[in-house]
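1. Make a model of this:
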Amino acid sequence: MANPKRKLSRASKGHRRAHLALTRAQLVRCTHCGAMIRPHTICKACGHYRGRQILAAANG
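-> Numbering: from 1, shown residues only. Coordinates of the predicted model:
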């Protein structure tokens, strides 16, 4: 099994992992109720997606 010959410095490790940072989730307003939802998903508050009622409302 392969083993490293030398210890990897913190800087080299950081350069390699530079693209692995977490990104904040994108949020948009629901066009029906105004709740903040992720794009291209059914609104959990009102059950609408692209102007149509898909699910029964959770709060009613």
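2. If we ignore the residues flanking it in sequence, what's nearest the residue nearest the centre of the chain?
-> The residue lying closest to the centre of the chain (C-alpha atoms, centre = their mean) is residue 25, at 3.7 Å. Distances taken as C-beta to C-beta, 6 or more residues apart in numbering place residue 38 nearest to residue 25, at 6.3 Å, with adjacent residues excluded. Just so you know, the C-beta spots here come from the backbone N, C-alpha and C atoms, and that holds for glycine as well.
3. who are the neighbours in contact with that neighbour?
-> Contacts for residue 38 (C-beta atoms under 8 Å, 6 or more residues apart in numbering) come out as 25-28.
4. and residue 30, how many neighbours does it have?
-> 18 (other C-beta atoms under 10 Å).
5. Now do the residue nearest to the centre of the chain, the pLDDT please.
-> pLDDT, residue 25: 93.
6. does it sit in a helix or strand, and which one?
-> Assigned by DSSP states H and E, residue 25 falls within no helix or strand.
7. the helices in the chain, which residues?
-> Counting by DSSP state H, the chain has these helices, from start to end: 10-16.
8. Can you show me the strands along it?
-> 28-29, 36-37, 48-49, 52-53 (DSSP state E).
9. And the first one, what does it pack against?
-> Put plainly, it is strand 28-29. strand 36-37 (3 or more C-beta pairs under 8 Å, 6 or more residues apart in numbering; DSSP states H and E).
10. Buried ones in stretch 44-56, by neighbour count?
-> 45-49 (16 or more other C-beta atoms under 10 Å).
11. before we move on, what about stretch 37-44?
-> 37, 42-43.
12. ok, so what distance separates the spatially closest residue to residue 48 that is not a sequence neighbour from residue 55?
-> Nearest non-adjacent residue to residue 48, counting by C-beta to C-beta, 6+ apart: residue 32, 4.1 Å away. Using C-beta to C-beta, to the nearest Å, residue 32 is found at 12 Å from residue 55.
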